[in-house]
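K.L.:
Make a model of this:
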Amino acid sequence: MAVALLLAACGHDVSGDTDTVPVQPAEVPAPEPAATEKILYTWVEGLNVRDQPSTKGKTVARVRPNEPLTFTGEQSPQKETIVLRGVAYHEPWLKISTADRKDGWVFGGALKRKDELKGNAALGDTKFSFPVFGSFDLSDWEEIARNDDGTGGDVAAETITYRSEDQLLRIARIETGENGYRNTFTLLDQTGNPLKERTLEYSVEPELELIEMVTDHTDIPAKKYRRVQLLDKHYMMLNERPQMASGEWKITDVD
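P.N.:
Take a look at the predicted model:
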């Protein structure tokens with residue numbers, strides 16, 4: 001219930017479908033909007049404009065995706081971490097003015113400059129798009145197996161296998177309570193040979209971090225993509241659980 005209230009407070013909406021683009025690295029400071037352009041654009045659904053730089057602020061307006069907003073040059077002294085469409089953004093709040101001259105505050109992670117590659121498509125359990133790994137709509141696939149792999153206690157695990165005409169997709173999710181979680185997506189051909197594998201792991205030691213790795217066996221030689229995002233809060237303290245890391249990929253050949 002608390003997560004749902006926080007999502008509503010942020011104006012987060014996971015509906016809709018757009019092309020996936022690389023998300024902006026959360027740990028790399030973005031250029032100050034005042035130093036680049038005064039006009040910024042929203043990229044999420046139902047973004048709330050608030051009377052103070054906080055999700056607790058009163059909503060004074062709501063803006064649509066790609067709606068232009070005028071940045072006044074004022075921003076909050078503190079940054080906040082908010083998850084939008086499965087990605088954690090650590091940015092300040094910005095004071096803006098809407099086209100109908102309503103002033104208020106919006107979270108900086110939900111805004112982008114013109115032509116900036118920022119944001120991603122909505123992510124669901126059966127419809128998702130991940131960089132490097134690919135886009136999938138499992139409503140067209142057949143679920144052929146669902147296994148409970150948990151060992152009890154704080155450990156819960158489940159593996160679901162889907163089949164299309166010529167491929168298999170195996171999704172394994174492991175929960176270890178406060179210690180973290182790991183999601184693994186394995187794409188196989190019809191004979192069981194691996195095509196791609198994607199793993200997202202949240203770890204608490206030695207730091208709070210998201211580690212995302214994709215191995216692409218369709219490349220010759222096979223390539224491994226890896227990126228790491230440090231977080232300032234435990235995932236249980238965020239409005240929702242991150243489903244992708246953010247940052248630059250490190251690419252190596254698979255031995």
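K.L.:
can you pull out the helices in this protein?
P.N.:
For the chain, helices defined by DSSP state H occupy the ranges 2-10, 33-36.
K.L.:
and the residue sitting furthest away from the middle of the chain, what are its phi and psi?
P.N.:
In the chain, the residue that sits farthest from the middle, by Cα atoms, centre = their mean, is T191; the gap is 32.0 Å. For T191, the backbone dihedrals (degrees, to the nearest 10) come out as phi -100, psi 0.
K.L.:
And for P53, the neighbour number?
P.N.:
22 (other Cβ atoms under 10 Å). Just so you know, the C-beta spots here come from the backbone N, C-alpha and C atoms, and that holds for glycine as well.
K.L.:
could you list every residue that touches it?
P.N.:
Contact partners of P53, counting by Cβ atoms under 8 Å, 6 or more residues apart in numbering, are Q75, S76, P92, W93, K95, W105.
K.L.:
how about 6 Å then?
P.N.:
P53 sits next to S76, W93, W105 when contact means Cβ atoms under 6 Å, 6 or more residues apart in numbering.
K.L.:
Kindly report the same for E209.
P.N.:
S203, V228, L230.
K.L.:
Is it bridged to anything, and to what?
P.N.:
On the basis of DSSP bridges, E209 is bridged to S203, L230.
K.L.:
Would you single out the least confident of the helices of the chain?
P.N.:
Looking at those, the lowest mean pLDDT belongs to helix 2-10 (a mean of 37).
K.L.:
on that earlier part again, okay, the residue farthest from the centre of the chain and L94: tell me how far apart.
P.N.:
From T191 across to L94, the span is 52 Å (Cβ to Cβ, to the nearest Å).
K.L.:
okay, now the residue lying closest to T72 once chain neighbours are set aside: neighbour count?
P.N.:
Nearest residue to T72, sequence neighbours excluded (Cβ to Cβ, 6 or more residues apart in numbering): K95, at 4.6 Å. Close neighbours of K95, defined as other Cβ under 10 Å, add up to 19.
K.L.:
Just to check, K95 is in contact with F71?
P.N.:
No. At 7.5 Å, K95 and F71 do not qualify as touching, with contact defined as Cβ atoms under 6 Å.
K.L.:
For the lengthiest strand in the chain, what does the pLDDT average out to?
P.N.:
Using DSSP state E, we find that the single longest strand of the chain is strand 68-84. The average pLDDT within strand 68-84 is 96.
K.L.:
Could you check the pLDDT of D13?
P.N.:
On pLDDT, D13 comes in at 38.
K.L.:
any weak-confidence spans in the stretch 51-200 of the chain?
P.N.:
Counting by pLDDT under 70, the stretch 51-200 of the chain has low-confidence residues at 150-152.
K.L.:
try 80 this time
P.N.:
149-154 (pLDDT under 80).
K.L.:
residue contacts, D149?
P.N.:
D149 sits next to A157, T159 when contact means Cβ under 6 Å, 6+ apart.
K.L.:
any idea how far it lies from V228?
P.N.:
Distance, D149 to V228, by Cβ to Cβ: 26 Å.
K.L.:
Could you report the distance from the closest residue to D253 other than its chain neighbours to V254?
P.N.:
Nearest non-adjacent residue to D253, counting by Cβ to Cβ, 6+ apart: P221, 4.9 Å away. Distance, P221 to V254, using Cβ to Cβ: 7 Å.
K.L.:
now do D148
P.N.:
31 Å.
K.L.:
Looking at the two, which is more packed in?
P.N.:
Between D148 and V254, V254 has the larger neighbour count (other Cβ under 10 Å), namely 11 against 8.
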